[in-house]
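Visitor: just to be clear, the model below is a prediction. Sequence and coordinates:
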2 protein chains.
Amino acid sequence: MSNDEASIRRNISTLYRYGQAYIARRIESTNIGSGQYIFLTTLYRMGGVSQEELSCYLQIDKGTTAKAIKKLEAGGYLVREIDLKDKRAYKIFLTQKGLDLVPTIQAEVEQWEKLITSGISDEEKKCIERILHKMAHNAHNLNKSRGVSTRE
Amino acid sequence: MSNDEASIRRNISTLYRYGQAYIARRIESTNIGSGQYIFLTTLYRMGGVSQEELSCYLQIDKGTTAKAIKKLEAGGYLVREIDLKDKRAYKIFLTQKGLDLVPTIQAEVEQWEKLITSGISDEEKKCIERILHKMAHNAHNLNKSRGVSTRE
DNA sequence: TAGTAATAGTTGCGAATGCAACTATTACAC
DNA sequence: GTGTAATAGTTGCATTCGCAACTATTACTA
């Protein structure tokens, strides 16, 4: 207990905060912030989804999603079409401007991962990817089983 | 394309956000938020340090530290004494109220780590602790080498 | 010793985020 | 069908956080 530097939670915090700052700096020439790029890269692979689906997939609050999508739409990076099968929802598509930007962003994200995994073997990288995914999954399940008493 | 769900950065983000929310819920009966508890637990082990030392050790911006310490002082969890050897700095100590609360917070943090590492072997846990620490270290060095140079 | 650097801390600003309350639409009872 | 519950999205509020500009003190240097 004396040495806290191996704490999972503390290193997660450091990596998250530094990662956000890194991406923000690297794409600051666009008007896209660290809170929006993840939606662009996700929509690149999953065009036509709704905000609800984005929120669920990325495990991000739907209010946060709404604000990010709003900014990206204002910036001309995506468009929203009302889903005619469910008029509450939108179907979201990247514009050409959005599509053009994604490779740049992806390169920055890959560069970040490369930098922080410097000195870490491919095997260890596989290991950490697998375990991080499992931990995130645990965290998500934990959250689901909380509070909402009517379901699950 | 490539499945993005193993992305280090995405799972780090999920774990950070869910972790913050978990701790906030678990200690909401106190008036301590998820942005302050880390200072309490750190001061428990390192009493008498300055805000600068806290910022450096936790790798948190000194402005953020100042605000957290201010709240904790207002709540009566710690006191600040001017360092007579350097009148710019304070030496920070937990009060009895602060000391009494730390075990409760530590228990919640340990419970969180236990919950998210459910189904993960001790060996894997050691592995992830070591690699996360290394990645956080890389991130920190990256940040250091940025500001020093004048270019970019 | 005077003048400049660096350092410790504070504060204001803005971004990212979650939560809760709200509207509008859809789904499901009956 | 009517009424209630669930769902998609919006918005306001509060918290966390980093950055930059600022003050006060200390360290360094010429």
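Guide: Ah, there it is.
Visitor: give the buried residues for the longest helix anywhere in chain A.
Guide: The residue-count maximum for a helix in chain A (DSSP state H) belongs to helix A:122-144. Under the neighbour-count criterion of 16 or more other CB atoms under 10 Å in any protein chain shown, helix A:122-144 has A:124-125, A:127-129, A:131-139, A:143 buried. Yep, even glycine has a C-beta here, placed from its N, CA and C like the rest.
Visitor: could you single out the nearest of these to A:Phe39?
Guide: A:Ala136 (18.0 Å; CB to CB).
Visitor: check contacts around the nearest residue to A:Leu15 once chain neighbours are set aside.
Guide: Sequence neighbours aside, B:Ile12 is the residue nearest to A:Leu15 in space, at 5.0 Å (criterion: CB to CB, 6 or more residues apart in numbering or on different chains). Residues in contact with B:Ile12 (CB atoms under 8 Å, 6 or more residues apart in numbering or on different chains) are A:12, A:15-16, A:19, A:132.
Visitor: what's the closest of the residues you listed to DNA strand C?
Guide: A:Tyr16 (8.3 Å; CB to the nearest atom of the strand).
Visitor: in a strand, that closest one, correct?
Guide: No. Assigned with DSSP: H, G, I helix; E, B strand; the rest coil, A:Tyr16 falls outside any strand and is helix.
Visitor: now do the contacts for it.
Guide: Counting by CB under 8 Å, 6+ apart, A:Tyr16 has contacts B:12-13, B:15-16.
Visitor: recalculate using a threshold of 10 Å.
Guide: B:9, B:12-17, B:19-20, B:136, B:139 (CB atoms under 10 Å, 6 or more residues apart in numbering or on different chains).
Visitor: next one: A:Met135
Guide: A:8, A:12, B:11-12, B:14-15, B:18-19, B:113, B:115-120, B:125, B:128.
Visitor: let's see that with 8 Å instead.
Guide: Residues in contact with A:Met135 (CB under 8 Å, 6+ apart) are A:8, B:11, B:15, B:116-117, B:120, B:128.
Visitor: now swap in A:Ser34 and tell me
Guide: A:20-21, A:23-24, A:27.
Visitor: among those residues, which ones lie close to DNA strand D?
Guide: Applying CB under 7 Å from any atom of the strand to the contacts of A:Ser34, one finds that A:Ala21 fall near DNA strand D.
Visitor: ok, whichever residue of chain A sits closest to DNA strand D to A:Ile69 distance?
Guide: Nearest to DNA strand D, among the residues of chain A, is A:Gly63, at 2.7 Å (CB to the nearest atom of the strand). Distance of A:Gly63 to A:Ile69, computed by CB to CB, to the nearest Å: 11 Å.
Visitor: would stretch A:67-77 count as contacting DNA strand C?
Guide: Yes. Applying CB under 7 Å from any atom of the strand, one finds stretch A:67-77 in contact with DNA strand C at A:67-68, A:71.
Visitor: out of the residues you listed, the closest to A:Gln59 would be?
Guide: Distances from A:Gln59 to these, taken by CB to CB, are shortest for A:Ala68, at 13.8 Å.
Visitor: what is the burial count for that closest one?
Guide: A:Ala68: 22 surrounding residues under other CB atoms under 10 Å in any protein chain shown.
Visitor: quick one: it and A:Gln36 touch, right?
Guide: Yes. Counting by CB atoms under 8 Å, A:Ala68 touches A:Gln36, with 4.6 Å between them.
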